[in-house]
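Asker: sharing a model that was predicted from the sequence below.
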Amino acid sequence: PHQHRFQTECRLDNLNAQEPSERIESEAGFTEYWDQNDDQFQCAGVALLRHTIQRRGLLLPSYSNAPRLFYVVQGMYICLFSRILYISISKGIQGAVLPGCPNTYQSPLQFGNRRTQQRIEDSHQKLRPIREGDILAVPEGVAQWIYNDGENQLVLVGFYDTLNEENQLDQNPRDFYLAGNPQEQSEQRSQRSRGQSRRGEQDNTGNNVFGGFDRRSLVESLNIREDLVDKIQSQREDQRGNIVNVQDDLQLIAPGREDDEEREDRQQEGRRENGIEETFCTQRLKYNADDPQLADFYNPRAGRVTTLNSYVFPILERLQLSVVRGFLHKNALVGPYYNLNSNSVIYGLRGNAKVQVVDDNGDNVYDGQLREGQALVVPQNYVVLKRAENEGFEWVSIKTNDNAITNQLAGRLSVIQALPVDVLQNAFNIDENDAFQLKNNRNEAGVFSPSESQSQRRRD
Amino acid sequence: PHQHRFQTECRLDNLNAQEPSERIESEAGFTEYWDQNDDQFQCAGVALLRHTIQRRGLLLPSYSNAPRLFYVVQGMYICLFSRILYISISKGIQGAVLPGCPNTYQSPLQFGNRRTQQRIEDSHQKLRPIREGDILAVPEGVAQWIYNDGENQLVLVGFYDTLNEENQLDQNPRDFYLAGNPQEQSEQRSQRSRGQSRRGEQDNTGNNVFGGFDRRSLVESLNIREDLVDKIQSQREDQRGNIVNVQDDLQLIAPGREDDEEREDRQQEGRRENGIEETFCTQRLKYNADDPQLADFYNPRAGRVTTLNSYVFPILERLQLSVVRGFLHKNALVGPYYNLNSNSVIYGLRGNAKVQVVDDNGDNVYDGQLREGQALVVPQNYVVLKRAENEGFEWVSIKTNDNAITNQLAGRLSVIQALPVDVLQNAFNIDENDAFQLKNNRNEAGVFSPSESQSQRRRD
Amino acid sequence: PHQHRFQTECRLDNLNAQEPSERIESEAGFTEYWDQNDDQFQCAGVALLRHTIQRRGLLLPSYSNAPRLFYVVQGMYICLFSRILYISISKGIQGAVLPGCPNTYQSPLQFGNRRTQQRIEDSHQKLRPIREGDILAVPEGVAQWIYNDGENQLVLVGFYDTLNEENQLDQNPRDFYLAGNPQEQSEQRSQRSRGQSRRGEQDNTGNNVFGGFDRRSLVESLNIREDLVDKIQSQREDQRGNIVNVQDDLQLIAPGREDDEEREDRQQEGRRENGIEETFCTQRLKYNADDPQLADFYNPRAGRVTTLNSYVFPILERLQLSVVRGFLHKNALVGPYYNLNSNSVIYGLRGNAKVQVVDDNGDNVYDGQLREGQALVVPQNYVVLKRAENEGFEWVSIKTNDNAITNQLAGRLSVIQALPVDVLQNAFNIDENDAFQLKNNRNEAGVFSPSESQSQRRRD
């Protein structure tokens, strides 16, 4: 692929945990945007948004110039008399259209009776039932829609990898909607003020990509009636936005949810042998990151951390991204560590943590809370330390490398443990005994329990 | 390879079909340059030029910091009493020097008799006979020359992939000539005004790369006489430019033209087994894109489209480019579609089309003609629709990805056909019958005939 | 990996041989920095520094956002009565910590007797004895320390590949020190003036990455005493800098030096079969470039040139760099040639050369000396010619492509020899005999002897 070119000097001497800066309402939900012009997001090359889709809401099909990852956030928890009640399961259906791939799914038609008897089924590309903890990988230019068929709202956090080499435009993420009249962000609107005044015949059409063609061309190309073209193009008056109400529940039949992951795995295994095109069309676009059995670091006294990279979830090789999902108990710690070969965005899913980040000069560039719903950029090689507060802490991190590697500065498997005692001693100007303690006192790896007593210290 | 860094925000709310902005005359032809500083070309990372080489003209050997693709344009057509007369065949010979590869061709010497009898043959690297419709792939830094040994002028359109990761300078394309005194573009001249005043001893030498060395160094290095060095360095007075007249027809013997492609195929097949270096030195640099048998989309009522990507033409993997060659009958259509993972430059070869392009906001950013000899940039993900006018339309597109993928928004294999009817219905707020029509009324793929009657509509 | 984005237009109409612009003293040596904001280094995407480590000096462990290559410079030569006396051998020990890899080396403890008898050995990652001519490859984010256990000073030239795609910050190289209180470059200090004023609790801690955390967090994470944390964080008053004195000679045991290279080769060969992780952890990070047997071009009358690319030294594939090591006798020549697909930095190791560089307009952009200790950037495709002066010339070049290719413009294997005589004749407007001389008079390849007499000319 092509190369990129974005000016930036990363001036990151003061990070901050960020919340969305704009909210755009739709008929059946709303979308919140983080400030994509913020220095931290610009340097990391990531843009963030969050869709909240009401029951029976449909997020209209769209594609983007940047590869996207979506994380399906858990349903709501309620604390009652100090007990956490888990009150809802979020679920939905996702469709992504891979170019040139066959329609392998059949759905019955809702109003089949209204017309002739022949039309009883409809074929389309694969549908994916989605649930809490799912990561959805959507390559650049691939159209995706999502339908909330659950009983509660469905919340998705979306990460756009704007500096990805597959994005050949500029660092601005752009959503191209195939239908409706989605509202723009205010910033895009202002950038575009010149462009809008240019609209001639299309002056009253919607913001979807059909809206910009003249009626006759679409009549010819789609071979449909003029009044249907008018509907396809949508109208400026269409106030439904990018998340619309579905009148009657969609009669989409997707395979059972429970053993979905396993089945996909087996299918993929089998299909792999059939060659390139088959693999492209059947590649897995979804992976559940919450499953405790997938944990890479696990410490019953502290928590667990799961990493999805391209070895585990091959589509990530194309997206050049990794995902980390973490759970920390109260007062447990992660770090200090740094990302060897990637930037990172940490998104708080539940609870609260105290986070510190340090730069190459040993300066503290962040020392504060990271709460549910907030995002914090951690630049490559900057050192970070998290300690969960009273409610514990859960997070998901997106890293801008398909094989993102972290380097620990404490505990087993850390850089400190890999250095000779003699080197530690002279580097830190300490005596041998202290060098030993520094190297060996924390004998856990990756996720640290809060109160390892001094008596438990071990030296080898 | 290394990374790139070019500042740009792609402000593409108003595209236009462009013609060359400068023409530089040479002894045996002329070269036309498109404005490389134009926003559209800058954003797409492509620069364009067009060489017109007269009969017995030699385009001097040069290399560039950007990978290059050349398309050999057809000879002239003349319309007489509404019939198209095809009046000339364009042909020529190309040489490209691959570094470190052996001289595998022998040519007889023109003036062999003037000297001793022994010198009757000359060895050099491979020669390639070229003809209309050939794509020539020239990697960065590889020197190429072209000789017109046909009866008519030879026209080549050149595309420079300036944002390619193999270009480690900046986004300016630079031609390094090995010989002669090629004139610079006026823009380069002005950029360089400071540099020229620095010229000391070389003040009167030509613009080729030998011109900048002192005479003694070249005498020593090349081990030749001083007066020959003076000739090699050329002079400011040399007015032949970059395309020079050949005094007597070059006695270059290249293998027969007719079955050249097939033979190359077979040779390459056989040589592939011999390892890395063998493959590098014998890789194919030429591919004819006009052959109707290569069509990927073919519709006798509408036209055809052929795609060359790195699966078909492996050198494109190195250049990270794809080529599309299209033919449309009168009133036939292509699109709406978008390039999933690449920018694109469409160059009109013959006839005329009405083209519309739409951005992510549903705004029309181009609505106009695209004629023979014009170039139009279509940015990644922007949606485009072409309809051939009365004379039909032929074009060649260069795409900035070695496996460029397009996504159709109409017809079979389109995104629309891959979506469930229920989703279309709710997304566009139309009834089921209309959703069916939208999905199924255009049952052709890729290239659409102009007047598919309503009676031919089919639903599955 | 991710993409980069650096604005730059390469304005390279006037190169110059550069020496360090800043020197920072440490307790046991000093570090010199070249001006990283210089246009030439910015365009080439390379930053340079030079460490001079005194006997028993330890360069503190640090990692960087850019991949790094270090070359171990020879010991001192002294000219006495016109004879060169070689007076010292430079040697040392290097440790690099690969993330997640096991501690495979055991070292005895210096003060083992001071504590219990059990602690007699210490395990850590691999140690590498280093000597003159070694290239050390250090990927982004990998921590490295170096100890001078020789009798003389140890000098290393470091090249930072700041435009490498693995660097996801900006073009500024940043060293993250794990220990001590290394002084910053004055430029970084001024950039940071704002940041430093922000320091609160850490106001008195050192510049290493532990310095920016609060004491309590490190106590918890490392599970050590508060006063030990204070030592780890170092203090502003610590004046030892980044190269510190080792009190008693480090008792590190590294395998024998003599056959180290060969053994490594054999080991690597054997380990290759054990799978991915094994390969990552056991990859070779060191290669001696001075060995005459490795020469790729060798001419007893002129000198020799050795190229290390990723075929020879596989870690270079990850770093996307190549190294060239050259030796020229008095008055011998290299070039004219150009780098096909990379930028290059030439660092003078010994002696003196006259160097000329020419751009795409045939303008001379450098015509001067290149001496021991100076660095010269040669941009991609620019043509360069070197002639050794009286003492001969030795150099090491770093090229920004893991398979950097050069194209010769003189001698065997040159572009000129690959062109047909007929083409040369018409391109240069010379007669056939002159074309023959141009093509064949210099019959050496790569490295040219100074006085090849006219009588030795051969034609085929």
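Answerer: Thanks, I have it.
Asker: C-alpha from now on. contacts and neighbour counts both.
Answerer: Will do.
Asker: what's the mean pLDDT across the top strand by length along chain A?
Answerer: Taking DSSP state E as the assignment, the strand of chain A that covers the most residues is strand A:383-399. In this model, strand A:383-399 has an average pLDDT of 96.
Asker: identify the residues contacting that strand?
Answerer: A:159, A:321-339, A:342-359, A:378, C:209 (C-alpha atoms under 8 Å, 6 or more residues apart in numbering or on different chains).
Asker: among these, name the buried ones.
Answerer: Among the contacts of strand A:383-399, those that count as buried by neighbour count (16 or more other C-alpha atoms under 10 Å in any protein chain shown) are A:159, A:321-339, A:342-359, A:378, C:209.
Asker: counting by contacts, list what whatever helix or strand comes next after the longest strand of chain A packs against.
Answerer: Remark: after strand A:383-399, the chain's next helix or strand is strand A:406-408, criterion DSSP states H and E. For strand A:406-408, the elements it packs on are strand A:333-339, judged by 3 or more C-alpha pairs under 8 Å, 6 or more residues apart in numbering or on different chains; DSSP states H and E.
Asker: packing partners for the following helix or strand past the strand it packs on?
Answerer: Tracing the chain past strand A:333-339, the next element assigned as helix or strand by DSSP H and E is strand A:344-358. Helices and strands touching strand A:344-358, by 3+ C-alpha pairs under 8 Å, 6+ apart, are strand A:364-371, strand A:375-378, strand A:383-399.
Asker: mean neighbour count, the ones you listed: which tops it?
Answerer: Among the helices and strands packed on strand A:344-358, strand A:375-378 has the highest mean neighbour count (mean count of other C-alpha atoms under 10 Å in any protein chain shown), at a mean of 26.
Asker: quick one: that one near chain C?
Answerer: No - applying C-alpha under 8 Å from any C-alpha of the partner chain, one finds strand A:375-378 separated from chain C by no less than 10.9 Å.
Asker: likewise for stretch A:32-50?
Answerer: Yes - with C-alpha under 8 Å from any C-alpha as the criterion, chain C is reached by stretch A:32-50 at A:43-44.
Asker: got the end-to-end distance for that stretch?
Answerer: In terms of C-alpha to C-alpha, to the nearest Å, the two terminal residues of stretch A:32-50 are separated by 5 Å.
Asker: how about it: buried residues?
Answerer: Applying a neighbour-count criterion of 16+ other C-alpha under 10 Å, the buried positions in stretch A:32-50 are A:32-36, A:39-50.
Asker: enumerate every residue touching residue A:419.
Answerer: So, once contact is read as C-alpha under 8 Å, 6+ apart, residue A:419 ends up touching C:95, C:97, C:124-125.
Asker: by neighbours, which of the residues you listed wins?
Answerer: Per-residue neighbour counts (other C-alpha atoms under 10 Å in any protein chain shown) across those peak at residue C:97, which has 28 neighbours.
Asker: what sits against it?
Answerer: Residue C:97 makes contacts with A:415, A:418-419, C:125, C:142-144, as judged by C-alpha under 8 Å, 6+ apart.
Asker: among those, name the ones in helices.
Answerer: Using DSSP state H to define helices, the subset of these located there is A:415, A:418.
Asker: quick one, domains of chain A?
Answerer: In terms of domains, chain A is parsed into A:22-260, A:290-456 (source: automatic domain parsing).
Asker: cool, thanks, talk later.
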